[in-house]
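Undergrad: Provide a 3D model corresponding to the input given below.
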Amino acid sequence: MEETLAQVAAHHQRRSLRSSLSESLGLPSNTLHSHHRSISSSSTSDMADLDNPSLSTTMQERLFSRLLTSILPTDFAITDNGLNDPRSNDTRPSFAITTMSHNFRRFNSRIGIVFIFQHKLLRLLSWKNPVHTASLGVVYGFICLDPYLLFALPPIIALLGILVPGFIARHPPPPPAPSSSAVSPGGQHASQAVYSAHGPAIAPPSEIKAVSEISKDFFRNLRDLQNTMDDFSNAHDLLIGAIGPPTNFSDEKLSSGVFLACLVGSVGMMISAHLLPWRIIFLIVGWMGLGAMHPGVREIMVDLHNEHLAPREKKAAGVADSWVHSDICLSTTREMREVEIFELQRRIGGGGQGEDFEYEGWLFSDLPYEPLSPARIAEEKPKGARFLEDVRPPQGWEWGEGKWSLDLGAEEWVADRCLGGVEVEGEGERWVFDWDNNGRGEWRRRRWVRGAAGKRGSRVGEGEYNKR
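TA: Presented below is the predicted three-dimensional model:
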């Protein structure tokens, strides 16, 4: 009777927890209670439904999907940018909330081994066990002095880190004696008995399994994943903040100085790299880095930095900045280029032949729209601006002092583009007509040009024409 009451009380507690979750997430109550409607039917069957892993998984997927749906905008969609997107892959599934939640739970239940390795590596490098850290330094020294030992390192790690522990797990040592006075058959105390690897395996093999989603290890993985994401974000922002300004030419003189330093350094290394004792250099640098991670040494280095280096950092930065901004001279003349636009006119009728046809202005386009162009073959309409005054310069450019001028050298730009199926007007405004066996065709065009100057502080050469 007491066990039944305890089960009923636990069931009520879980139902109240699910109700609070549904209210906080905005879910209908039947979403969390669809597999057990009433306690009066059978408390035993309700408890069995509650412990069903498939139902628990479905509930978690619905909760996570509902949470992401409430966060993402209603018109949210992920579309690839075609060939310009290096991450586009038609063979991979597209984004889906249910797939994302399922894969995240699978990932988190299996990532624990990575975090265990990470914590052990951090303990090794931070001198938690000085003997282990010193041993790492000795191994690193042997590899630096004889780099061919690096190829022996993977099988040694497989032997000592995987195979030997796996064998010991299947052949565990004998259990300890029940008392200190117990004696083994060989005449030694059981606690001092020699370990023997003979005989059949007496224990199951050790396997790395995914942790349960309701276990403490699952939430430990969540904690470590949370902290790792924070560490990565902080390191990313710190690295971008340190490398970005000197290399992205926001300050062109500073980036030019970095460019010159890298150029001189690369040429110097190509000439003198074979003369440097790289084994000794890597050995000293590695040992110095490993020693600098010791807590005591780190405190001494911080004190020395604050006492000797920090007062001189501003002076050194001032000298470098003075060299960059006084000795590096950049051209202040803006780049000038010629922008072209094609005036397209369409035939509106006329009963004569050849020149008797009448044409009306259609639009100004950045393409000549010749008969063999892809747009004409695909039967697409030309695109452009209705009036010449509506044509805008490319992004990052602005119009120069001149106005639009008609290009009378039609033969030259027709030949440069290898246009086919056209006829160039011999005199006059040098229109370029469509031409076939029946004479002049439906469209004619001529070329206008205008000078444009690159804007100061912008990247030149980017963008397309802006047309209304």
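Undergrad: C-alpha from now on. contacts and neighbour counts both.
TA: Fine.
Undergrad: Could you pick out the longest strand of the chain?
TA: Ranked by number of residues, the top strand in the chain under DSSP state E is strand 439-454.
Undergrad: Starting from Ser94, give me the distance back to the most centrally placed residue in the chain.
TA: With distances taken as C-alpha atoms, centre = their mean, Arg87 lies nearest the centre of the chain, 9.0 Å away. Distance check for Arg87 against Ser94: by C-alpha to C-alpha, to the nearest Å, it reads 12 Å.
Undergrad: sorry, back to before: contact partners of the longest strand of the chain?
TA: With contact meaning C-alpha atoms under 8 Å, 6 or more residues apart in numbering, strand 439-454 is reached by 334-347, 353-354, 368, 393, 396-407, 410, 423, 429-435, 460.
Undergrad: now stretch 298-306
TA: Ala292.
Undergrad: Try it again at 10 Å.
TA: Contacts with stretch 298-306, where a contact means C-alpha atoms under 10 Å, 6 or more residues apart in numbering, come from 291-293, 295, 297, 307, 309-312.
Undergrad: got it, and stretch 230-249?
TA: Stretch 230-249 is contacted by residues 224-225, 227-229, 250-259 when judged by C-alpha under 10 Å, 6+ apart.
Undergrad: Can you say which of these are buried?
TA: In these, burial by neighbour count holds for 224-225, 252-258, counting by 16 or more other C-alpha atoms under 10 Å.
Undergrad: Mind checking which of these are in helices?
TA: In this view, the buried ones among the contacts of stretch 230-249 that belong to helices under DSSP state H are 224-225, 252-258.
Undergrad: Next, format those residues as CSV and append distance to Ile281 and pLDDT.
TA: Formatted as CSV, those follow (distance: C-alpha to C-alpha, whole Å; pLDDT from 0 to 100):
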residue, distance to Ile281, pLDDT
Asp224, 36, 95
Leu225, 36, 95
Glu252, 34, 85
Lys253, 33, 86
Leu254, 30, 88
Ser255, 29, 90
Ser256, 30, 89
Gly257, 27, 89
Val258, 25, 91
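Undergrad: Go through these and name the one nearest Gly141.
TA: Asp224 (32.3 Å; C-alpha to C-alpha).
Undergrad: Surely Glu427 touches Glu411?
TA: No: assessed by C-alpha atoms under 10 Å, Glu427 is found out of contact with Glu411, at 11.3 Å.
Undergrad: Give me the more crowded residue out of these two.
TA: Glu411 (14 against 8; other C-alpha atoms under 10 Å).
Undergrad: Please name the residues that touch the residue lying closest to that one once chain neighbours are set aside.
TA: Nearest residue to Glu411, sequence neighbours excluded (C-alpha to C-alpha, 6 or more residues apart in numbering): Val424, at 6.7 Å. Contacts of Val424 were listed using C-alpha under 10 Å, 6+ apart, and they are 409-411, 414, 430-435, 444-446.
Undergrad: And Lys128, by the same measure?
TA: Lys128 neighbours (C-alpha under 10 Å, 6+ apart): 120, 122, 294-295.
Undergrad: If we use 6 Å, what do you get?
TA: Shown in contact with Lys128 (C-alpha atoms under 6 Å, 6 or more residues apart in numbering): no residues.
Undergrad: for Asp407, same thing?
TA: Asp407 neighbours (C-alpha under 6 Å, 6+ apart): 447-448.
Undergrad: Can you tell me how far it is from Arg450?
TA: 10 Å.
Undergrad: again with Pro93
TA: 48 Å.
Undergrad: Pick out whichever of those two has more residues nearby.
TA: Per other C-alpha under 10 Å, whichever of Pro93 and Arg450 has more neighbours is Arg450, with 19 against 8.
Undergrad: Please name the bridge partners of that one.
TA: On the basis of DSSP bridges, Arg450 is bridged to Val339.
Undergrad: can you pull the pLDDT of it?
TA: Per-residue pLDDT puts Arg450 at 93.
Undergrad: Ranking helices and strands of the protein by mean pLDDT, which lands last?
TA: When the helices and strands of the chain are scored by mean pLDDT, DSSP states H and E, helix 43-50 comes last with a mean of 42.
Undergrad: where do the strands sit along the stretch 251-400 of the chain?
TA: With strands called from DSSP state E, counting those that start in this stretch, the stretch 251-400 of the chain shows them at 336-349, 358-365, 397-399.
Undergrad: picking that back up, show me how far the longest strand of the chain is from its chain's centre.
TA: In terms of C-alpha atoms, centre = their mean, to the nearest Å, the gap separating the centre of strand 439-454 from the centre of its chain is 43 Å.
Undergrad: buried ones in that strand?
TA: 440-441, 443-454.
Undergrad: Next, format those as a markdown table and append distance to Pro172.
TA: Below are the buried residues of strand 439-454 laid out as a markdown table (distance: C-alpha to C-alpha, whole Å):
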| residue | distance to Pro172 |
| --- | --- |
| Arg440 | 95 |
| Gly441 | 93 |
| Trp443 | 90 |
| Arg444 | 91 |
| Arg445 | 90 |
| Arg446 | 90 |
| Arg447 | 88 |
| Trp448 | 88 |
| Val449 | 87 |
| Arg450 | 86 |
| Gly451 | 85 |
| Ala452 | 82 |
| Ala453 | 80 |
| Gly454 | 76 |
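Undergrad: Tell me the one among these nearest to Ser126.
TA: Distances from Ser126 to the buried residues of strand 439-454, taken by C-alpha to C-alpha, are shortest for Gly454, at 53.8 Å.
Undergrad: any idea of the pLDDT on that closest one?
TA: On the pLDDT scale, Gly454 is placed at 83.
Undergrad: Can you pull out the low-pLDDT segments for the stretch 101-250 of the chain?
TA: Within the stretch 101-250 of the chain, the ranges that satisfy pLDDT under 70 run 177-196.
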